[in-house]
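Colleague: missing the sequence, but the structure's below:
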Ligand SMILES: NC(=O)N[C@@H](CC(=O)O)C(=O)O
């Protein structure tokens, strides 16, 4: 089905029509008999790319499936998501990665790119089948034990050396388990003491970030820092990026989540487990440093860390509840609300272009010009959006934005020329 998107403002500038042929490619003139989408007043961006999504399939289809997570992604304006490896079984073989990739294709709403585990079973000891996962049909290039830190420096070094052979990258969940163990569930500070909650100090993240950039430098490889949450990590990244640029032989990239850009640790005073997340919400000083780092490019990308959980895992006393919050459907609005000064080209950079580059997805994050695949999101820039967790396409309801008012609304999403979301509603296959 060909398409004409009429009167969109490209990255917030001017007004343009976009033409899509029936192969799902942007072309330079209107195909005959094309379906029309009125995009007057809407900003057109390349489809969003999420470096960090938990889709829970296989194993926890009560919390999310590849189909329901793909629906949530499309509603959020995404055309590609990277599905984290901490499923049951873990994505640590070529077969497992290929299966996730196939289920994504069957769902057909976004490109689902599997992330491979760094270590077998996320055990932290033995490298997983990195090369076989890369050579599989899924073509895995991003590897992560997310949910756990690759805490053994020797294993991290070997992982970085291994992925270098094919231009892969290790995405690290930076949490030194000797400084923040499994019980640590709240930013360590005066408030955690008052609430009687085990603390997760910022230094537990920062020492791993510092170690990993040195390992990446030593191995001439690529490290990506998942969900950066502290000002101290930003300081390390600033130094490391300057150093990597001078050396020209290695690289470090980093992502921040929408929730770490807007929510602070004060929300924990009510012991509501909705706000329990890993890494934990931090104080305002950290939030300010993260915003500044995203705006100046020290942090490269926004990644949702969409972490759906079934009620029976989340609705517990704070210390016993699962870590994580959903985020695919609200990410763009949260970024716009947290950083209203960010230009549309910058929004496209941090939510589409750079994440696509980091993940090696050549078809995604492309300029909206003829010859590119038609992955497009159309946004109503100043709409006030009141979040209703029960209107979500996700199977889970652990939504920290419920009842909040955010700025910007995803109106239409086009994936490979196919309208997946029209007027804010899913167009299912
Ligand atoms: N980010 C989260 O709070 N949760 C993640 C894993 C993790 O990083 O703990 C999950 O898989 O639920």
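Modeller: Sure, I can see it. These numbers were taken from a predicted model, which means no experiment stands behind them.

Colleague: Every contact and neighbour count from this point should use C-alpha atoms.
Modeller: Fine.

Colleague: any chance you could map the helices in the stretch 51-200 of the chain?
Modeller: Taking DSSP state H, counting those that start in this stretch as the test, the helices found in the stretch 51-200 of the chain are 66-75, 94-107, 130-135, 153-164, 190-195.

Colleague: who touches the last one?
Modeller: Residues outside helix 190-195 that contact it (CA atoms under 8 Å, 6 or more residues apart in numbering): 186, 198, 199, 266, 269.

Colleague: So for it, mean pLDDT?
Modeller: Averaging pLDDT along helix 190-195 yields 97.

Colleague: Could I get the buried residue list for it?
Modeller: For helix 190-195, the neighbour count (16 or more other CA atoms under 10 Å) marks 191, 192 as buried.

Colleague: near the ligand, which residues of the protein?
Modeller: 54, 146, 147, 277, 278, 305, 307, 323, 324 (CA under 6 Å from any ligand atom).

Colleague: Export the residues you listed to JSON lines and append columns for pLDDT.
Modeller: JSON lines is the format used below for these (pLDDT from 0 to 100):
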{"residue": "54", "pLDDT": "99"}
{"residue": "146", "pLDDT": "98"}
{"residue": "147", "pLDDT": "98"}
{"residue": "277", "pLDDT": "98"}
{"residue": "278", "pLDDT": "98"}
{"residue": "305", "pLDDT": "99"}
{"residue": "307", "pLDDT": "98"}
{"residue": "323", "pLDDT": "98"}
{"residue": "324", "pLDDT": "98"}
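
Colleague: between these, which is nearest residue 103?
Modeller: Using CA to CA, residue 54 comes nearest to residue 103 of these, at 14.2 Å.

Colleague: quick one: contacts for the closest one?
Modeller: Here residue 54 is in contact with 83, 84, 85, 86, 305, 306, 307, 308 (CA under 8 Å, 6+ apart).

Colleague: for residue 53, same thing?
Modeller: Contacts of residue 53 (CA under 8 Å, 6+ apart): 81, 82, 83, 84, 303, 304, 305, 306, 307.

Colleague: and what of residue 29?
Modeller: So residue 29 contacts residue 19 (CA under 8 Å, 6+ apart).

Colleague: Which single residue in the stretch 101-250 of the chain comes nearest to the ligand?
Modeller: For the stretch 101-250 of the chain, the residue closest to the ligand is residue 147, as judged by CA to the nearest ligand atom, at 3.4 Å.

Colleague: burial count for that residue?
Modeller: A total of 18 residues lie near residue 147 under the criterion other CA atoms under 10 Å.

Colleague: Begin at 13 from now on, thanks
Modeller: With the count now opening at 13, the last piece we talked about shows up as residue 159.

Colleague: Residue 97 is in contact with that one, correct?
Modeller: No. Between residue 159 and residue 97 there is no contact under CA atoms under 8 Å: 9.2 Å.

Colleague: so what sits against both of those two?
Modeller: Joint contacts of residue 159 and residue 97 (CA under 8 Å, 6+ apart) do not exist.

Colleague: Quickly note the distance from residue 225 to residue 219.
Modeller: The gap separating residue 225 from residue 219 is 10 Å, by CA to CA, to the nearest Å.

Colleague: Neighbour count: those two, which is higher?
Modeller: residue 225 (27 against 17).

Colleague: that older thread, using JSON lines, lay out the helices of the stretch 63-212 of the chain together with distance to residue 42.
Modeller: JSON lines is the format used below for these (distance: least, CA to CA, whole Å):
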{"stretch": "helix 78-87", "distance to residue 42": "25"}
{"stretch": "helix 106-119", "distance to residue 42": "28"}
{"stretch": "helix 142-147", "distance to residue 42": "39"}
{"stretch": "helix 165-176", "distance to residue 42": "43"}
{"stretch": "helix 202-207", "distance to residue 42": "59"}
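
Colleague: Out of these, which is the most enclosed?
Modeller: helix 78-87 (a mean of 27; mean count of other CA atoms under 10 Å).

Colleague: Need the residues that contact that helix.
Modeller: Helix 78-87 is touched from outside by 67-69, 91, 93, 112, 115-116, 119, 121-122, 124, 340-341, 404-407, 422, 425, 432-433, 436-438, with contacts defined as CA under 8 Å, 6+ apart.

Colleague: hmm, try it at 6 Å
Modeller: 67, 69, 119, 121, 340, 341, 405, 406 (CA atoms under 6 Å, 6 or more residues apart in numbering).

Colleague: between these, which is closest to residue 396?
Modeller: Proximity of these to residue 396 (CA to CA) peaks at residue 341, which lies at 14.5 Å.

Colleague: Next one, pLDDT for the closest residue to that closest one other than its chain neighbours please.
Modeller: Nearest residue to residue 341, sequence neighbours excluded (CA to CA, 6 or more residues apart in numbering): residue 88, at 3.9 Å. You'll see residue 88 listed with a pLDDT of 98.

Colleague: likewise the one 5 residues further on?
Modeller: Predicted confidence (pLDDT) for residue 93: 99.

Colleague: burial of the closest residue to the ligand within the stretch 213-362 of the chain, as a residue count?
Modeller: Closest residue of the stretch 213-362 of the chain to the ligand, CA to the nearest ligand atom: residue 336 (3.1 Å). Residue 336: 25 surrounding residues under other CA under 10 Å.

Colleague: Quick check on the residue lying closest to it once chain neighbours are set aside: phi, psi?
Modeller: The shortest distance from residue 336 to any non-neighbouring residue, by CA to CA, 6+ apart, is to residue 289 (4.3 Å). The phi and psi values for residue 289, taken as degrees, to the nearest 10, are phi -150, psi 160.

Colleague: Kindly report the same for residue 422.
Modeller: When read as degrees, to the nearest 10, the backbone of residue 422 gives phi -80, psi 120.

Colleague: Which residue is the nearest non-sequential neighbour of it?
Modeller: residue 391 (4.6 Å).

Colleague: in its sheet, what does the helix or strand where the one you found lies sit against?
Modeller: Using DSSP states H and E, residue 391 sits in strand 388-398. Looking at strand 388-398 with DSSP bridges, its partner strands are strand 55-58 (antiparallel), strand 417-427 (antiparallel).

Colleague: Any idea what residue 32 is bridged to?
Modeller: With DSSP bridges as the rule, residue 32 is bridged to residue 15, residue 38.
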